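Asker: Okay, predicted coordinates and the sequence, questions at the end:
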Amino acid sequence: MGDEIKKDKKDIAAKDLTTCEATAQMLDKSRKDGIEIAPYRAASMKPCPIGADSACCKHCFMGPCRLNSKDPYGKVGVCGATIDTIMARNFGRMVAAGTAAHTDHGMGMLDLFREVVKGNISDYRIKDTEKLQSVAKSIGIEVEGRSIEDIAMDLYDELERTYTQVDGEIPFAKRVPEKTLETWRKLGIVPRGAMREIMEMMHRTAMGVDQHYENITKQASRTALSDGWGGSMVSTEISDILFGTPSPVAVEVNMGVLKENQVNIIIHGHEPNLFESMISSVNEPTFVQAAKDAGAEGINLVGMCCSGLEMMSRHGIPHAGNFSSTEAILVTGAVDAMAVDIQCIQQGLSKVAECYDTPFITTNPRCKIEGALHIEFNEHDPKDCTDEIVIKAISRFKNRSTPVEIPKIVNTGVHGFSHEYINYMLGGSFRASYTPLNDNIINGRIRGVAGVVGCTNPRVKQDYVHVELVKELIRNDVLVLQTGCSQIALAKAGLTTPEAAVLAGPGLREVCETVGMPPVLGLGACIDNSRILIAASAMVKEGGLGESIADLPVAGAAPEFMSEKAIAIGQYFVASGVFTVFGVTFPIVEDTKFHKLLFEGLEQQGLGKWGFTPDPLEMARMMIAHIDKKRAALGIDKARDRSLVDMAARRELDAA
Ligand code: SF4
Ligand code: MSK
């Protein structure tokens, strides 16, 4: 099983809560220091089973109505709503919330882009003009002989429609493979604009509106697609244009990136602009001198969670850990300031920071936290905020009163892959293309491609499911693409190095060794799942692997998800045609019509489908079986005969 943590054990050992040794060391220390952090809170918090199954409706005050998941059709709500309606509405609202988070983030990036292009903001500039031109071209904007400013303004106007358009198709629908788009059109799920889709999703799930689970699910797909091919994709593309498209870079990961004799500043959250300005502030000679005057050897800027992933990919800045380590790292006593912007910021951080005298600083007007110091970040004068953070950190270093204990663990890996770099890496600069990837899939060296992404969740042992799943996939010649906290789990396990190719099956190993790449390619933050969609689209367009994304021998997984954003991501992958397996739990009742629709029916409509298991080996088996089914449908299953070593044989080899 997926090592679900026993809920009733308050005295549970740290090694049962995480496979991250550094986090385990800090969990033990937190116990000694009398501090409670998330994994322990999870162990003592019994989840409400009715809520966990989405069998509870509180959409009006004739309720709340609780149906029994053991007898799902034994009862209906006061209004007569069935279990399928209630679950579909709850699911649709999770998709709407996740989509809203990503699209609001994306719209923020687009606002910044507009102000930069208009010359109203001078602290940022367009860094990647080549990417600007290629994104513009991809949606039909003329680039030949035009100035960068003119192209950029047209791109802004066009991409704004992603959010505000009330009718028609979002701009990046032009990037979707023709047959996939045809299926969406037939089903009526091509997104118009994200605001419209989120609004309609919320309307239709209100009391007394849409009460057919199939119709609600269509709007959930349309809303989710306005995230994946809309809000998220715009965010990734604009961030690349403004801050540079990532290319591979060797980076240090884990809590050992903190330095005892330096002023340590952590940035945690999701938006790259705060972090970009921090880089400038920490390199300010006056601050470097001030840090030295305070007795420090320098200022050490590190990232966590998805902010960290954005910066490690673009600048090689060290990364201290994923979501489930954000409170634990404060227990080191070595953090002189933690600044956050939006998303995945646990409120518990405020209390833990207070216990270790660490300034905990919120910077975004959308995210204030009781007990945190708020220093607002304003893109028109970004250094106002980031300089202040540095000053607070230096002052804390000078007056450090808590003992420092930094786990001495650092893992170096290669990160910063992008759709563009995969194209170049495999095809070369003069004929950049996906041909070698498709060829290696067709000839069977690579069995298929898996996207393994998403959060860590204190309800299960941190990193365990991610790492075991990915090891099993690469052993079976499946190339793994990663984003989000999952990427950091694998980096800590040492699988993001080219040397990790020895853990891969013979075919994948041969490809990795020829190209010099790891078998696990990190593509960035959770918003950058759009890079995986673009890669899938490029594979279809390259030819030889079917006509739609649903034809590809690919699968996805979020093995330790915790966020509504992950539900939105899962639904946009499913609606794009990908078999997507979640771990931890699945928030609906089994043996219902809605469950059957998500887990079987959507595939029959030409889309992908959902899967669920908490067990990493079972998850790998399900994904590989799906990949093999797609290979057989494409008629390329024979090509693998020469190198087939199935999972049972591998387990025997391992056991021997
Ligand atoms: Fe109950 Fe229906 Fe109101 Fe939901 S909408 S709370 S099922 S009465
Ligand atoms: S930070 S959404 S825990 S991936 Fe993007 Fe990590 Fe999941 Fe947050």
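Answerer: Nice, I can see it. Values in this document were obtained by computation on a predicted structure and should not be read as measured data. Numbering: from 1, shown residues only. Ligands and ions are numbered 1, 2, ... in the order given.

Asker: Going by C-alpha atoms from here, please, whenever you check contacts or count neighbours.
Answerer: Noted.

Asker: The stretch 401-550 of the chain: helices as residue ranges?
Answerer: With DSSP state H, counting those that start in this stretch, the ranges of helices along the stretch 401-550 of the chain come out as 419-427, 435-442, 464-475, 484-492, 506-515, 529-542.

Asker: Buried residues, the third one. List them.
Answerer: Taking 16 or more other Cα atoms under 10 Å as the basis for neighbour counts, the residues of helix 464-475 that come out buried are 464-475.

Asker: with these in mind, which one is nearest to Leu225?
Answerer: When the buried residues of helix 464-475 are ranked by distance to Leu225 (Cα to Cα), His466 comes first, at 25.1 Å.

Asker: From Val520, how far out is the closest one?
Answerer: 12 Å (Cα to Cα, to the nearest Å).

Asker: now do Leu112
Answerer: Separation of Leu112 from Val520 (Cα to Cα) stands at 32 Å.

Asker: for Gln165, same thing?
Answerer: 37 Å.

Asker: likewise Glu214?
Answerer: Look at Glu214 and Val520: by Cα to Cα, they are 37 Å apart.

Asker: likewise Val390?
Answerer: For Val390 relative to Val520 (Cα to Cα), the value is 35 Å.

Asker: Same check on Ser486?
Answerer: On the measure of Cα to Cα, Ser486 and Val520 end up 11 Å apart.

Asker: Asn443 now?
Answerer: The gap separating Asn443 from Val520 is 20 Å, by Cα to Cα.

Asker: Which one's more surrounded, these two?
Answerer: Neighbours per residue (other Cα atoms under 10 Å) separate Asn443 from Val520, with Val520 holding more: 31 against 17.

Asker: Reformat the buried residues of helix 464-475 into TSV and put pLDDT and distance to Val511 next to each item.
Answerer: TSV is the format used below for these (pLDDT from 0 to 100; distance: Cα to Cα, whole Å):
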residue	pLDDT	distance to Val511
Tyr464	97	27
Val465	97	26
His466	98	23
Val467	97	21
Glu468	97	22
Leu469	98	21
Val470	98	17
Lys471	97	17
Glu472	97	17
Leu473	97	15
Ile474	97	12
Arg475	97	13
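
Asker: so what's the closest residue to Lys127 other than its chain neighbours scoring on pLDDT?
Answerer: Spatial nearest neighbour of Lys127, excluding adjacent residues (Cα to Cα, 6 or more residues apart in numbering): Leu242 at 5.1 Å. pLDDT, Leu242: 96.

Asker: Do you have the helices of the stretch 251-400 of the chain handy? List them.
Answerer: For the stretch 251-400 of the chain, the helices defined by DSSP H, counting those that start in this stretch cover 272-282, 285-293, 305-315, 348-355, 382-398.

Asker: What is the longest helix of this protein by residue count?
Answerer: Longest helix in the chain, counting residues (DSSP state H): helix 83-117.

Asker: Give me the nearest residue to the residue nearest the centre of the chain, chain neighbours excluded.
Answerer: Centroid-nearest residue in the chain: Cys526, 2.0 Å away (criterion: Cα atoms, centre = their mean). Ranked by Cα to Cα, 6+ apart and with sequence neighbours excluded, the top spatial neighbour of Cys526 is Gly484, at 4.4 Å.

Asker: quick one: contacts for the residue lying closest to Ala55 once chain neighbours are set aside?
Answerer: Nearest residue to Ala55, sequence neighbours excluded (Cα to Cα, 6+ apart): Leu67, at 5.4 Å. Applying Cα atoms under 8 Å, 6 or more residues apart in numbering, we find Leu67 in contact with 50, 55-56, 75-77, 83.

Asker: So which of those is surrounded by the most neighbours?
Answerer: Among the contacts of Leu67, the one with the most neighbours (other Cα under 10 Å) is Ile83, at 30 neighbours.

Asker: In this structure it contacts Tyr73, no?
Answerer: Yes - with contact defined as Cα atoms under 8 Å, Ile83 reaches Tyr73; the gap is 6.8 Å.

Asker: For Gln219, identify the helix or strand it belongs to.
Answerer: Assessed by DSSP states H and E, Gln219 sits inside helix 213-226.

Asker: what's in contact with the helix or strand following that helix?
Answerer: Toward the C-terminus, helix 213-226 is succeeded by helix 232-243 as the next helix or strand (DSSP H and E). With contact meaning Cα under 8 Å, 6+ apart, helix 232-243 is reached by 102-103, 105-107, 109-110, 113, 124-129, 131-132, 135, 159, 227, 245-246, 272, 314, 527-531.

Asker: relative to helix 529-542, how tilted is helix 232-243?
Answerer: Here helix 232-243 runs at an angle of 100 degrees relative to helix 529-542 (axes from the mean of the first three to the mean of the last three Cα atoms, to 10 degrees).

Asker: neighbours of the residue of the stretch 401-550 of the chain found nearest ligand 2, just the number please.
Answerer: Per Cα to the nearest ligand atom, Cys455 is where the stretch 401-550 of the chain lies closest to ligand 2, at 3.3 Å. Using other Cα under 10 Å, Cys455 has 30 other residues around it.

Asker: now the end-to-end length of stretch 567-585.
Answerer: End-to-end distance of stretch 567-585 (Cα to Cα): 12 Å.

Asker: ugh, wrong one, stretch 239-247
Answerer: This stretch, stretch 239-247, spans 14 Å end to end (Cα to Cα).

Asker: Please parse this protein into its domains.
Answerer: As given by automatic domain parsing, the domain ranges for the chain are 14-52, 83-243, 255-398, 412-634.

Asker: who wins for proximity to Glu405 among the ones you listed?
Answerer: Glu405 lies closest to domain 255-398 among those, at 4.9 Å (Cα to Cα).

Asker: can you tell if the closest one touches ligand 2?
Answerer: Yes - against ligand 2, domain 255-398 shows contacts by Cα under 6 Å from any ligand atom at 305-306, 323, 344.

Asker: got CSV for these, with neighbour count and distance to Thr592 too?
Answerer: CSV is the format used below for the residues of domain 255-398 next to ligand 2 (neighbours: other Cα atoms under 10 Å; distance: Cα to Cα, whole Å):
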residue, neighbour count, distance to Thr592
Cys305, 30, 36
Cys306, 32, 36
Phe323, 25, 33
Cys344, 19, 32
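
Asker: Those residues also near ligand 1: which ones?
Answerer: Here nothing survives when the residues of domain 255-398 next to ligand 2 are matched to ligand 1 using Cα under 6 Å from any ligand atom.

Asker: ok, Cys485 touching Thr456?
Answerer: Yes - here Cys485 lies in contact with Thr456, judged by Cα under 8 Å, at a distance of 6.4 Å.

Asker: Quickly list what's touching both of those two.
Answerer: Taking Cα under 8 Å, 6+ apart as the contact rule, Cys485 and Thr456 both touch 322-323.

Asker: residues contacting the nearest residue to Leu508 once chain neighbours are set aside?
Answerer: Computed as Cα to Cα, 6+ apart, the closest residue to Leu508 that is not its neighbour in sequence is Asp477, at 4.8 Å. Contacts of Asp477 were listed using Cα under 8 Å, 6+ apart, and they are 445-448, 504-509.

Asker: so His627 sits in a helix?
Answerer: Quick fix: residue 627 is Ile, not His. Yes - counting by DSSP: H, G, I helix; E, B strand; the rest coil, Ile627 falls inside a helix.

Asker: Offset the numbering so it begins at 40, please.
Answerer: Let's use 40 as the start, then, which means that last one is Ile666.

Asker: residues contacting it?
Answerer: Going by Cα under 8 Å, 6+ apart, Ile666 touches 486-487, 591-594.

Asker: Check the residues you listed one by one and keep those near ligand 1.
Answerer: Within these, nothing lies near ligand 1 by Cα under 6 Å from any ligand atom.

Asker: Put together CSV for these, with pLDDT, neighbour count and distance to Gly609 on each row.
Answerer: Formatted as CSV, the contacts of Ile666 follow (pLDDT from 0 to 100; neighbours: other Cα atoms under 10 Å; distance: Cα to Cα, whole Å):
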residue, pLDDT, neighbour count, distance to Gly609
Arg486, 97, 30, 22
Gly487, 96, 30, 19
Leu591, 97, 27, 17
Pro592, 97, 29, 17
Val593, 98, 27, 14
Ala594, 98, 29, 11
